[in-house]
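S.K.: structure for this input, please:
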Amino acid sequence: MAYIDLECVDTDDLLEELAARGYGDADSKDERLNQLYELMRNNKQEEAWNLMRTYVCDKTGRVL
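M.R.: Below you'll find the predicted structure:
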């Protein structure tokens with residue numbers, strides 16, 4: 001198993017690798033994800049759930 005010195009890897013490299021592996025856009029600048037985080041952090045579960053449902057439908061193109 002090869003080991004990587006994490007001092008040599010920056011955030012942009014990691015985001016590019018995630019995208020290349022098909023793990024979404026891995027974008028921490030996504031406003032809805034930040035809103036979701038804040039809602040969950042502030043224990044606003046119903047609002048968080050509604051936003052999450054909308055977000056998942058938009059990202060997958062499916063209807064729940």
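S.K.: going forward, measure contacts between C-alpha atoms and count neighbours the same way
M.R.: Will do.
S.K.: with adjacent residues omitted, what lies nearest to Arg53?
M.R.: Leu64 (7.5 Å; Cα to Cα, 6 or more residues apart in numbering).
S.K.: in terms of contact, does the one you found touch Cys57 like I think?
M.R.: Yes: between Leu64 and Cys57 there is a contact under Cα atoms under 8 Å: 6.8 Å.
S.K.: okay, the two: which has more neighbours?
M.R.: It is Cys57, of Leu64 and Cys57, that has more neighbours when counted by other Cα atoms under 10 Å, with 13 against 7.
S.K.: SS state for Arg62?
M.R.: For Arg62, the assignment made with DSSP: H, G, I helix; E, B strand; the rest coil gives coil.
S.K.: kindly provide the distance from it to Tyr55.
M.R.: 10 Å (Cα to Cα, to the nearest Å).
S.K.: between those two, tell me which one has more neighbours.
M.R.: Each of Arg62 and Tyr55 has its neighbours counted (other Cα under 10 Å); Tyr55 has more, 15 against 9.
S.K.: which element is the more buried one on?
M.R.: Element membership for Tyr55 (DSSP states H and E) is helix 45-60.
S.K.: who touches that helix?
M.R.: With contact meaning Cα atoms under 8 Å, 6 or more residues apart in numbering, helix 45-60 is reached by 32, 36, 39-40, 62-64.
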